[in-house]
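1. Prediction below, plus the sequence it came from.
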Amino acid sequence: MSRRRRPRPLRARDQVFGRTAPGNGILHRTPAWAKVAVLAAVTVTVLILRSPTVSLGVVVAVLLLGAAAGVPPVKVLRLLRRIWLLLAAVLAAQLLFNDLAGAGEVLSRIIACLLGAQLLILTTRPHDLLGVFRTLVLPLRWVGLSPGRIALAGLVMLRAIPYLADLAHLAHRQTQARGLEHSIRARTVPLLTGSVDYARDTGRALAARGIDQVRR
Amino acid sequence: MTSTSSEIRLESVRVLAGERELLAVPSLELTERRISVIGPNGGGKSTLLQLFNGLTEPTEGWVTVRGLDTIDQGRQVRRRVGFVFSNPAAQLVMPTPQEDVELSLQRTVRDRAERRRLAAACLTELGIAELADRSSHELSGGQQQLAALATVLIQEPEIVVLDEPTTLLDLVNAERFTGILDQLAAQKGLQIITATHDLQLAARAERCLLIDSGALHSDGAPETVIETYRSMAAQRAAR
């Protein structure tokens, strides 16, 4: 009997937010606002200096810091696998319009900033991040926007990402079942109607509970 | 002429979407503790349920809950009427059930530690204390629905309206959900109104409403109304 192709492995669920690396290391215990402040400072430095050495230094520092806090480097680096296509596109564009040194410089900057952010997400509860976000948008009160309402919108958005990822996956499965893999319409229409349904249901549920903002 | 003794009262109600009439109920008074609503898809069950807490407002006529008008006093009405939807995933917005239940309390309980304590107690009461800090997204549908019920019950409603709460649940989870709900309803003296396609569940009510084509088709004891629904369905399927 001829050797059969290996069966496709079942894909694990994509999780962008909402999953923290379990642990109680130094980073887990640092307050969220302090981590956000450090991340912001590091990001600005990396973006201003435009030095591949600094960027690579940041990458190494992020991995070491993560390891010290009990987050294995694999978990931090996993992000790159998820966005490799995006990075490849940046690389291609840079090689096309720039040179190799330029490409390395831009790519190292992007990767340094993203890995720093990934470490923050892995070691901070989403709710705490939301609290920092809510504080950051406080000044918007003066132009008539409610920070609590913006925070609620942020929350619903975070919550929607894994749901929509599941929905996209399901839509893909459904097209496969009907042999319509190549139909963009068959893949997107269920996703769109599903998103609208989800948005409407979420809105109704929040209205029924009388929730229109996140308070402190 | 609104009497406060009646829980929910509808008078000359019509709900229109543009020109189209979604629901018309000339008169209805709901006082029983357990009421079920059955009927075909698209017949107006959800519209009727959403009238009870002001999520849908009557285009014509009046809907009052214990004398409170759902348009003028929508907020007070919603505080008294809890609502559980069929899609459990869309009702949870916080990362964990514990935080979601706390979110329901943010308006009424100022102290954070107190909110935490009350939320934990509520989850324990529903038998899902062990799920408190799990990721809501990773819970099973049955667990999510119980968490959604917790976010509603913590607000101490007097009436709980459920729109096909068990449609997306398997048999075990559906039984568990209704069992817990029955028990709590009896304990707290809640009025429970459930729309469902599960006729066994519908039969457990004191009164049953059959909604079809935007109208109240029959109303009465569950055995009679369910029998009417069965013969209606048989007739239509044969057509």
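-> Arrived safely, thanks for sending.

2. okay, CA-based contacts and neighbour counts for the rest of this
-> Fine.

3. Nearest to chain A: which residue in chain B?
-> For chain B and chain A, the shortest gap (C-alpha to the nearest C-alpha) falls at residue B:90, measuring 4.8 Å.

4. what's the spacing between that residue and residue B:160?
-> 18 Å (C-alpha to C-alpha, to the nearest Å).

5. For chain B, which segments are assigned as helices?
-> For chain B, applying DSSP state H gives helices covering B:45-52, B:74-80, B:97-105, B:112-125, B:141-153, B:171-188, B:199-203, B:222-238.

6. Quick check: which of these is nearest to residue A:46?
-> helix B:97-105 (35.8 Å; C-alpha to C-alpha).

7. Okay, angle between the closest one and helix B:141-153 too, please.
-> Calculated by axes from the mean of the first three to the mean of the last three C-alpha atoms, to 10 degrees, helix B:97-105 forms an angle of 30 degrees with helix B:141-153.

8. Can you pull the phi/psi pair for residue B:140?
-> Reported as degrees, to the nearest 10, the phi and psi values for residue B:140 are phi -70, psi 170.

9. okay, it: pLDDT?
-> In this model, residue B:140 is scored at 89, pLDDT.

10. Where does the closest residue to residue A:117 other than its chain neighbours sit: helix, strand or coil?
-> Setting aside the residues directly before and after it, residue A:117 is nearest to residue A:39 in space (C-alpha to C-alpha, 6 or more residues apart in numbering or on different chains), at 6.9 Å. Per DSSP: H, G, I helix; E, B strand; the rest coil, the secondary structure class of residue A:39 is helix.

11. got a list of what residue A:39 touches?
-> Residue A:39 makes contact with A:116-117, A:120 under the criterion C-alpha atoms under 8 Å, 6 or more residues apart in numbering or on different chains.

12. nearest to residue B:149, of those residues?
-> residue A:120 (32.7 Å).

13. contacting residues for residue A:102?
-> A:94-95.

14. I'd like the distance between it and chain B.
-> 40 Å (C-alpha to the nearest C-alpha, to the nearest Å).

15. per-residue confidence for the residue nearest to residue A:117?
-> 95.

16. Residue B:78 touches residue A:205, doesn't it?
-> No - using C-alpha atoms under 8 Å, residue B:78 makes no contact with residue A:205, being 11.2 Å away.

17. With neighbour numbers in mind, choose between these two.
-> residue A:205 (25 against 22; other C-alpha atoms under 10 Å in any protein chain shown).

18. quick one, the helix or strand harbouring the more buried one and helix B:97-105 angle?
-> Using DSSP states H and E, residue A:205 falls within helix A:184-208. Taking the same axes, to 10 degrees, one finds helix A:184-208 and helix B:97-105 inclined to each other by 50 degrees.

19. who's in contact with helix A:184-208?
-> For helix A:184-208, using C-alpha under 8 Å, 6+ apart, the contacting residues are A:164, A:167-168, A:171-172, A:175, A:180-181, A:212, B:53, B:55, B:78, B:82-85, B:87, B:90-93.

20. Just the buried residues of the residues you listed.
-> Buried subset of the contacts of helix A:184-208 (neighbour count, 16 or more other C-alpha atoms under 10 Å in any protein chain shown): A:164, A:167-168, A:171-172, A:175, A:181, B:53, B:55, B:78, B:82-85, B:87, B:90-93.

21. Mark which of those residues are part of strands, please.
-> Under the assignment DSSP state E, the buried ones among the contacts of helix A:184-208 contribute B:82-84 to strands.

22. okay, these in TSV with distance to residue B:233 and pLDDT next?
-> TSV is the format used below for those (distance: C-alpha to C-alpha, whole Å; pLDDT from 0 to 100):
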residue	distance to residue B:233	pLDDT
B:82	31	92
B:83	28	92
B:84	27	92
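
23. contacts with chain A among those residues, please.
-> B:82-84 (C-alpha under 8 Å from any C-alpha of the partner chain).

24. can you redo the residues you listed as a markdown table with distance to residue B:206?
-> What follows is those, written out as a markdown table (distance: C-alpha to C-alpha, whole Å):
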| residue | distance to residue B:206 |
| --- | --- |
| B:82 | 20 |
| B:83 | 20 |
| B:84 | 20 |
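
25. all helices of chain A, in order?
-> A:26-29, A:32-49, A:52-68, A:73-82, A:84-97, A:100-123, A:126-136, A:147-177, A:184-208.

26. looking at those helices, which is buried most?
-> Most buried of the helices of chain A, by mean neighbour count (mean count of other C-alpha atoms under 10 Å in any protein chain shown): helix A:100-123, with a mean of 20.

27. Next, the contact list for residue 95, please.
-> Using chain A here. A:102-103.

28. My question was about chain B, not that one.
-> Per C-alpha under 8 Å, 6+ apart, neighbours of residue B:95: A:18, A:126-127, A:159, B:135-137.

29. Look up phi and psi at it.
-> Dihedral angles (degrees, to the nearest 10) for residue B:95: phi -60, psi -30.

30. Which positions in chain B make contact with chain A?
-> B:53, B:55, B:75, B:78-79, B:82-85, B:87, B:90-95, B:103-104, B:106-107, B:135, B:137, B:152.

31. Swap in 7 Å and give it another go.
-> B:55, B:78, B:82-83, B:90-91, B:93, B:95, B:104, B:106, B:152 (C-alpha under 7 Å from any C-alpha of the partner chain).

32. Before I go, just wanted to say thanks for your time.
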